[in-house]
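J.: got a predicted structure here, sequence first:
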Amino acid sequence: MAAVCVRSLGQVGRHALLRQGCKTGNVSIPAARISLQGGVRAYGTGGTGFRSKLFSAAPLRGGGRTLGCAFLLGGGIGLYQTIKFTFTRHFAEQDTDTPVTGPKLTLYQYKTCPFCSKVRAFLDYHGLPYEIVEVNPVMRQEIKWSKYRKVPILMVDETVQLNDSSVIISTLKTVLVSKGKTVSEILLCYPEMKSTNDSGKEILEYNNKYWLMLGESEEQQLYPEKDLRKEEMTWRKWADDWLVHLISPNVYRTPAESLASFDYIVREGKFGTFEGFFAKYVGAFAMFIISKRLKARHNLQDDVRQDLYKAVNDWVSAIGKKRKFMGGEQPNLADLAVFGVLRVMEGLESFDDMMENTKVKNWYRRMEKAIQQHEGQN
């Protein structure tokens, strides 16, 4: 590399060699070692060597020697400064092209949780690197440090905690689209709100969690058509308030399906030996019973598959035949949410039935490809 710089400055010569190297970060910067002894070749227009006509004249005495030394010293210093400037400019340009390292993201999750799957779908689609901490669903020791005892939890640089899957996604998307806003600043726009549900249980909700905090120009860039933002918010909410409630009644529909589901949960989750055995058999029976209560609570049909089929076909109809995704050519946040919820059924009978008996397959496969290839990275 340095040899190219020297040649571009006028063929410094054989003795301007690069051998020693020093490291800055992951970049190896060679240091020039330049010899000014003997018959060094010319690097200007002085003919065949550094000893041009000035040095080919009769030997100089006294002050002449001083003048010669001064010339050598001045030339050496000038050469050094020129090469130094070239290196400095080169690596300054190189630093400009180096991508900025993003914040450290750590996701605390259950792998089979649909809300956690939503967050993973978002992170993977946008190519955001993150670490996973699988939480033991029985003891939950991995999140004992948190007052918020649910998953997913996303930690940003080990200092900022994001709770609730939709808040996590809205916050990160706002950061990606907006200019100069930090996670902490945006998080203030999603305040916690305590309320009581129909059963009298206190629940924690978040205001504005389906809303992105964008400026006018940013909003126009992300939602070029008038109703796209409203449509995205509507279907994100639908995924949380309706679609997710169809998962348990379907994957625990029969004793056999319930056992198969818990076999998958135990294999993919973080359980001890005894906990795994207990969860697989006792949990499978318990969830089979609970799924019947969930069916009644959400007014589902006796054959809960029909509710799943209808919901999925409603989603496909909302996308329409002219769009690849609800977001158009690329998935939007509603696409990622619905995909994340449905993905937790993969490998189970309910998933196979859904793919065979609905129109969702083509959209689902396109989503798989987009997420695997991190198509939202740019």
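T.: That came in fine, so what should we check first? Numbering: from 1, shown residues only.
J.: tell me where the protein has strands.
T.: Remark: strands assigned in the chain by DSSP state E are 16-24, 27-34, 105-109, 131-134, 153-156, 160-163, 192-196, 202-206.
J.: just the mean pLDDT for stretch 125-142, thanks.
T.: Predicted confidence along stretch 125-142 averages 94 (mean pLDDT).
J.: got it, and stretch 300-316?
T.: In the prediction, stretch 300-316 has an average pLDDT of 97.
J.: so which bits of that stretch are buried?
T.: 300, 304-305, 307-309, 311-312, 315-316 (16 or more other Cβ atoms under 10 Å). Glycine gets a C-beta too; all of them are placed from N, C-alpha and C.
J.: which outside residues touch it?
T.: When contacts are taken as Cβ atoms under 8 Å, 6 or more residues apart in numbering, the neighbours of stretch 300-316 outside the stretch itself are 235, 242-243, 246, 249-250, 253, 294-295, 338, 342, 350, 353-354, 357-360, 363.
J.: what's near enough to touch the nearest residue to Ser184 once chain neighbours are set aside?
T.: On the basis of Cβ to Cβ, 6 or more residues apart in numbering, the spatially nearest residue to Ser184 that is not a chain neighbour turns out to be Val160, at 5.6 Å. Applying Cβ under 8 Å, 6+ apart, we find Val160 in contact with 183-184, 187.
J.: rewinding a little: out of the contacts of stretch 300-316, which are buried?
T.: Among the contacts of stretch 300-316, those classed as buried by 16+ other Cβ under 10 Å are 235, 243, 246, 249-250, 253, 294-295, 338, 342, 350, 353-354, 358, 360, 363.
J.: coming back round to it: tell me which of the contacts of stretch 300-316 fall in helices.
T.: When helices are assigned by DSSP state H, the members of the contacts of stretch 300-316 inside them are 235, 249-250, 294-295, 338, 342, 350, 353-354, 357, 363.
J.: any chance of JSON lines for those, columns distance to Phe271 and pLDDT?
T.: Written out in JSON lines, the entries for those read as follows (distance: Cβ to Cβ, whole Å; pLDDT from 0 to 100):
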{"residue": "Trp235", "distance to Phe271": "34", "pLDDT": "98"}
{"residue": "Pro249", "distance to Phe271": "24", "pLDDT": "97"}
{"residue": "Asn250", "distance to Phe271": "23", "pLDDT": "97"}
{"residue": "Leu294", "distance to Phe271": "23", "pLDDT": "94"}
{"residue": "Lys295", "distance to Phe271": "27", "pLDDT": "95"}
{"residue": "Val338", "distance to Phe271": "29", "pLDDT": "98"}
{"residue": "Leu342", "distance to Phe271": "24", "pLDDT": "98"}
{"residue": "Ser350", "distance to Phe271": "22", "pLDDT": "97"}
{"residue": "Asp353", "distance to Phe271": "27", "pLDDT": "98"}
{"residue": "Met354", "distance to Phe271": "27", "pLDDT": "98"}
{"residue": "Asn357", "distance to Phe271": "33", "pLDDT": "98"}
{"residue": "Trp363", "distance to Phe271": "34", "pLDDT": "98"}
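J.: out of these, who's nearest His126?
T.: Sorting the ones in helices among the contacts of stretch 300-316 by distance to His126 puts Val338 at the head of the list, at 16.8 Å, by Cβ to Cβ.
J.: close enough to count as contact, that closest one and Asp240?
T.: No. Counting by Cβ atoms under 8 Å, no contact exists between Val338 and Asp240, whose distance comes to 10.3 Å.
J.: overlap in contacts of the two?
T.: Counting by Cβ under 8 Å, 6+ apart, Val338 and Asp240 have no common neighbour.
J.: tell me the pLDDT of Thr88.
T.: Reading off the per-residue confidence, Thr88 sits at a pLDDT of 40.
J.: just to revisit the earlier point, what's the ChimeraX line that selects buried ones from the contacts of Val160?
T.: With 16+ other Cβ under 10 Å as the burial test, the buried ones among these are selected in ChimeraX as follows:
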select :183,187
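J.: just the ones in helices from the contacts of Val160, please.
T.: Restricting the contacts of Val160 to those inside helices, with DSSP H as the criterion, leaves 183-184, 187.
J.: and which of those is nearest to Ile203?
T.: Using Cβ to Cβ as the measure, the one of the ones in helices among the contacts of Val160 that approaches Ile203 most closely is Leu187, at 19.7 Å.
J.: pretty sure that closest one is touching Thr171, no?
T.: Yes. Counting by Cβ under 8 Å, a contact exists between Leu187 and Thr171, whose distance comes to 5.8 Å.
J.: got any residues that touch both of those two?
T.: Residues touching both Leu187 and Thr171 (Cβ under 8 Å, 6+ apart) are Leu162.
J.: measure the residue nearest to the spatial centre of the chain to Thr106 for me?
T.: Compute the mean C-alpha point of the chain, and by Cα atoms, centre = their mean the closest residue is Leu128, 0.8 Å away. Between Leu128 and Thr106 the distance is 12 Å, computed by Cβ to Cβ, to the nearest Å.
J.: with Met139 instead?
T.: Distance of Met139 to Thr106, given as Cβ to Cβ: 19 Å.
J.: so between those two, which is more surrounded?
T.: Between Met139 and Thr106, counted using other Cβ atoms under 10 Å, Thr106 has the larger neighbour count: 15 against 12.
J.: which residues touch that one?
T.: For Thr106, the contacting residues are 130-133, 154-155, 158, taking Cβ under 8 Å, 6+ apart as the criterion.
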